[in-house]
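Visitor: I would like the atomic coordinates for the input below:
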Amino acid sequence: MDGTARLPGVAPGVGVQLEDRQHGSASAAVVTEHAAFEDLAEAWDDLWSRSPSATPFQAHAWVSAWATAYVRAGDLVVVTVRDGDVLVAGAALHRVRRGVVRVLAPLGGEISDHTDVLLDPAVPDAGRRLAEALLQVPGWRVLDLPEVLPDAAARHWAEQWPGGVRRSEASVNLQIPVLPVADALTRLPAKTAGTLRRKLRKIDQLGVQRSEVAPADVPRAVADLIRLHEDQWQGRRGNPEHLVDRFHTHLANAVAPMIDRGQAVFVEYHVDGELLASEIDLIGHGRLDYYLAGISTALRQRIDTAVLLVGSALERATELELEHYSFLRGTEDYKYRWRPDEVVATRIMLARPGLLRSAGYFTASAVSQYALSTGRRVLHGRPREVARAVMHGLRTLRARS
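Guide: Have a look, this model is predicted:
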């Protein structure tokens, strides 16, 4: 035998057998076909459940649904490491070209707030073996992980990477401890707490009814959420990606199995039998993440809908015995009313060892980041608004192309 595993969905010459003195025979493979990645669902989520830092954005349903909606055949690169039949490491990636540099980027793209790899903490050298497997995948210079949280497996994994590593500050995430709403209000200044109590009483007086969406009803519920979301952002700068078909397809295909596996909850809000708001929350290890909502203009005119969603989420997270509620990325004013803690993610780029290393990608990304940060400092008032409008227009064109 030549040591090459010929498995469905494994690129010839890439899925190879590895010998390991501590663990006996270990196998590594790269999955390049969507159907083969679907077949990994049970093993992948079993590893996800054993990976304490993994977020819902590494759950199998999330990354596989995104791959189906966004990644063309041949660009999928899902690298796996096994001990016997047990999956002990995984990296869900795809190939992209940025300028002249070929890059491996995480499945989930810009609509995913957190980036990580999966490593079994009970297997000390799982990270080393994952790195070795990745380096057997040809045709890439840089592995770009854009949103790595402080406790992510990828952060420690990068410290042992055999090639060049570049780190830079990424997004700010805001989170609060999970407490019953009454207790959460005691953490706030008296004036803020009093204002929020009045808003909560108004919500109760309106008689808002909450219900959870069953997996079978997710396609209908996604269509309603997107309709409400479009109404919510009419005339304002929302994320244009949320209004394109590929995003709707991803959301419907991801959320249904995630609800079934306890990784998501889909909540709808009715008043007098009319659906006026809905939201998707993702469930990770000890944390509830607010992901996306759709809210009718009629409801926003009657109550503070941000208070409705946060209060409802805290009740839900308390029932699930979770530790934190995360607003995910972004520093909007309404989030700071709840006195959140800031969690800053890091962008980690790993260069392939060798003479070319990152092939100039590190330098180009650093220059781009510096130019953007300088532009933000220079632009104020109307010029800044014009620049933001132009950027929003470009994002819209890109989403629709």
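Visitor: what's the neighbour count on the closest residue to residue 225 other than its chain neighbours?
Guide: Among residues not flanking residue 225 along the chain, residue 294 sits closest, at 4.1 Å (C-beta to C-beta, 6 or more residues apart in numbering). All C-beta spots, glycine's among them, are computed from the backbone N, C-alpha and C. Residue 294: 24 surrounding residues under other C-beta atoms under 10 Å.
Visitor: residue 294 sits in which helix or strand?
Guide: Applying DSSP states H and E as the criterion places residue 294 in strand 287-295.
Visitor: so what does the following helix or strand past that strand touch, helix or strand wise?
Guide: Once strand 287-295 ends, the next helix or strand along the chain (criterion: DSSP H and E) is helix 297-300. Helix 297-300 sits against helix 218-232, strand 274-283, with contacts defined as 3 or more C-beta pairs under 8 Å, 6 or more residues apart in numbering; DSSP states H and E.
Visitor: so which of those is the most surrounded?
Guide: Comparing the helices and strands packed on helix 297-300 by mean neighbour count (mean count of other C-beta atoms under 10 Å), strand 274-283 ranks first with a mean of 22.
Visitor: partner strands of that one, with direction?
Guide: Next to strand 274-283 in the sheet, as set by DSSP bridges, lie strand 264-271 (antiparallel), strand 287-295 (antiparallel).
Visitor: can you say which of those is nearest to residue 143?
Guide: In terms of C-beta to C-beta, the element of those nearest to residue 143 is strand 287-295, at 24.4 Å.
Visitor: report the angle between that closest one and helix 218-232.
Guide: Here the directions of strand 287-295 and helix 218-232 differ by 60 degrees (axes from the mean of the first three to the mean of the last three C-alpha atoms, to 10 degrees).
Visitor: what mean pLDDT does strand 287-295 get?
Guide: Taken as a whole, strand 287-295 has a mean pLDDT of 97.
Visitor: what's around the closest residue to residue 307 other than its chain neighbours, how many residues?
Guide: Leaving aside its chain neighbours, residue 307 sits nearest to residue 199 (4.5 Å; criterion: C-beta to C-beta, 6+ apart). Neighbourhood size, residue 199 [other C-beta under 10 Å]: 17.
Visitor: residue 199 and residue 175, how far apart?
Guide: 21 Å (C-beta to C-beta, to the nearest Å).
Visitor: need the helices for the stretch 1-150 of the chain, in chain order.
Guide: Assigned by DSSP state H, counting those that start in this stretch, the helices in the stretch 1-150 of the chain fall at 34-38, 41-49, 60-70, 126-135.
Visitor: ok, which of those helices comes nearest residue 284?
Guide: Judging the helices of the stretch 1-150 of the chain by C-beta to C-beta, what sits closest to residue 284 is helix 41-49, at 9.5 Å.
Visitor: now the closest one - C-alpha only, PDB.
Guide: Provided in PDB are the C-alpha atoms of helix 41-49 (Å, rounded to 0.1, in the frame of the first residue of the first chain):
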ATOM      1  CA  ALA A  41     -22.500  15.200  10.600                       C
ATOM      2  CA  GLU A  42     -22.600  12.700  13.500                       C
ATOM      3  CA  ALA A  43     -18.800  12.400  14.000                       C
ATOM      4  CA  TRP A  44     -18.300  16.200  13.500                       C
ATOM      5  CA  ASP A  45     -20.900  17.200  16.100                       C
ATOM      6  CA  ASP A  46     -19.600  14.600  18.500                       C
ATOM      7  CA  LEU A  47     -16.200  16.300  18.300                       C
ATOM      8  CA  TRP A  48     -17.900  19.700  18.600                       C
ATOM      9  CA  SER A  49     -19.600  18.500  21.800                       C
END
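Visitor: if you average the pLDDT over that helix, what comes out?
Guide: 98.
Visitor: can you tell me the helix or strand for the residue nearest to residue 307?
Guide: Counting by DSSP H and E, residue 199 is found in helix 190-206.
Visitor: the very next helix or strand once past that helix - contacts with which helices or strands?
Guide: Reading on from helix 190-206 to the C-terminus, the next helix or strand found by DSSP H and E is strand 209-212. Helices and strands touching strand 209-212, by 3+ C-beta pairs under 8 Å, 6+ apart, are strand 264-271.
Visitor: how far off helix 60-70 does the strand it packs on point, in degrees?
Guide: Per the same axes, to 10 degrees, the angle that strand 264-271 makes with helix 60-70 is 80 degrees.
Visitor: now strand 264-271: average pLDDT?
Guide: Here the average pLDDT along strand 264-271 is 98.
Visitor: convert that strand to PDB, retaining C-alpha atoms only.
Guide: Below are the C-alpha coordinates for strand 264-271, written out as PDB (Å, rounded to 0.1, in the frame of the first residue of the first chain):
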ATOM      1  CA  ALA A 264     -30.300  26.900  18.100                       C
ATOM      2  CA  VAL A 265     -33.700  28.300  19.100                       C
ATOM      3  CA  PHE A 266     -36.100  30.200  16.800                       C
ATOM      4  CA  VAL A 267     -38.600  32.400  18.600                       C
ATOM      5  CA  GLU A 268     -41.600  34.200  17.200                       C
ATOM      6  CA  TYR A 269     -43.500  37.000  18.800                       C
ATOM      7  CA  HIS A 270     -47.300  37.600  18.200                       C
ATOM      8  CA  VAL A 271     -49.700  40.300  19.300                       C
END
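Visitor: which positions within it qualify as buried?
Guide: 264-269, 271 (16 or more other C-beta atoms under 10 Å).
Visitor: spatially nearest residue to residue 221, not counting backbone neighbours?
Guide: residue 213 (4.4 Å).
Visitor: now do the contacts for that neighbour.
Guide: Shown in contact with residue 213 (C-beta atoms under 8 Å, 6 or more residues apart in numbering): 221, 259, 266-268, 278.
Visitor: change it to 7 Å
Guide: Residues in contact with residue 213 (C-beta atoms under 7 Å, 6 or more residues apart in numbering) are 221, 266, 268.
Visitor: now do the phi/psi pair for it.
Guide: Residue 213 adopts backbone torsions of phi -80, psi 130, taken as degrees, to the nearest 10.
Visitor: per-residue pLDDT, it?
Guide: Residue 213 carries a pLDDT value of 98.
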